[in-house]
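**Q** predicted coordinates and the sequence they were generated for:
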Amino acid sequence: MTTPAEFRSRLSLHRVTLRRNLELLHRFAKDFDDAASRTPIVPGGSHFAWLLAHLAVARDAMLERLGAERVWDAAAAERYKRGSDAAAHDPPPIEEILRTLDRQGERLASAMQAVDDAALAAPEGSGSVSDRLEFLIWHETYHLGQGALYRRAAGLESPIG
C-alpha cells in the first residue's frame, strides 16, 4: 500500500513520467494517417486511436481521484475501458485525442501538487487512492510500448531510435 507520504515523495517523478509519456505519445502519433490509426494490429484487437482514447480515459480517472475536473464525459470511460470492443466505437481523430491528453496533462500537474493527504489515503478497492494513482501512472507507461508496435505495424519508423 502506498501512503500519502510515499506518493508525495515520488511526486516529481510522477509528474516527469506523465510529461515524458505525453511527449512520447505525440512522437508516436506523428505521421499516422487516419486509416492506419484505426487499423488493429491483430484481428479483433485494438488500434492506435483506441489506445490513445483509452489513455485519455485513464488520465480522466487520475483527475477524478485527485479531485479535479475530468476533460471527457463519463460516457467515454465506457467506450474505451479495458476489454471494450475497439471496432464498436469510432474515436475522435488522433489530433483531437492528443489535445485532450495535453489538457489532462496540465490539469494533472496542478492537481497532483494540490491534493491533500486525506484524499490520497481514502480507500479505493483493496487499497487507497494513492495506490490507484500509482497503478494508473504505471498503466500509462505500460501502454506506451504498444504505441511503438502500432507504429511498426503501420510501416512507420520508431521515433525513439
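**A** Noted; the coordinates are in hand.
**Q** so who does A153 touch?
**A** T39, I41 (Cβ atoms under 8 Å, 6 or more residues apart in numbering). Using the backbone N, CA and C atoms, a C-beta is placed for each residue, glycine as well.
**Q** should've said A122
**A** By Cβ under 8 Å, 6+ apart, the neighbours of A122 are S128, V129.
**Q** one more time with 6 Å, if that's ok
**A** Going by Cβ atoms under 6 Å, 6 or more residues apart in numbering, A122 touches V129.
**Q** how about A111?
**A** A111 sits in contact with L66, A68, where contact means Cβ under 6 Å, 6+ apart.
**Q** E96 - that's part of a helix, no?
**A** Yes. Judged by DSSP: H, G, I helix; E, B strand; the rest coil, E96 forms part of a helix.
**Q** quick check: it vs G105, distance?
**A** 15 Å (Cβ to Cβ, to the nearest Å).
**Q** okay, these two: which has more neighbours?
**A** G105 (18 against 14; other Cβ atoms under 10 Å).
**Q** look at the nearest residue to the more buried one once chain neighbours are set aside and report its pLDDT.
**A** Leaving aside its sequence neighbours, G105 sits nearest to L22 (Cβ to Cβ, 6 or more residues apart in numbering; 5.0 Å). The model reports L22 with a pLDDT of 97.
**Q** what's in contact with the helix or strand of the chain with the lowest mean pLDDT?
**A** Within the chain, no helix or strand scores below helix 74-79, which has a mean of 88 by mean pLDDT, DSSP states H and E. Outside helix 74-79, the residues that touch it by Cβ under 6 Å, 6+ apart are V57, H89.
**Q** appreciated, that's everything.
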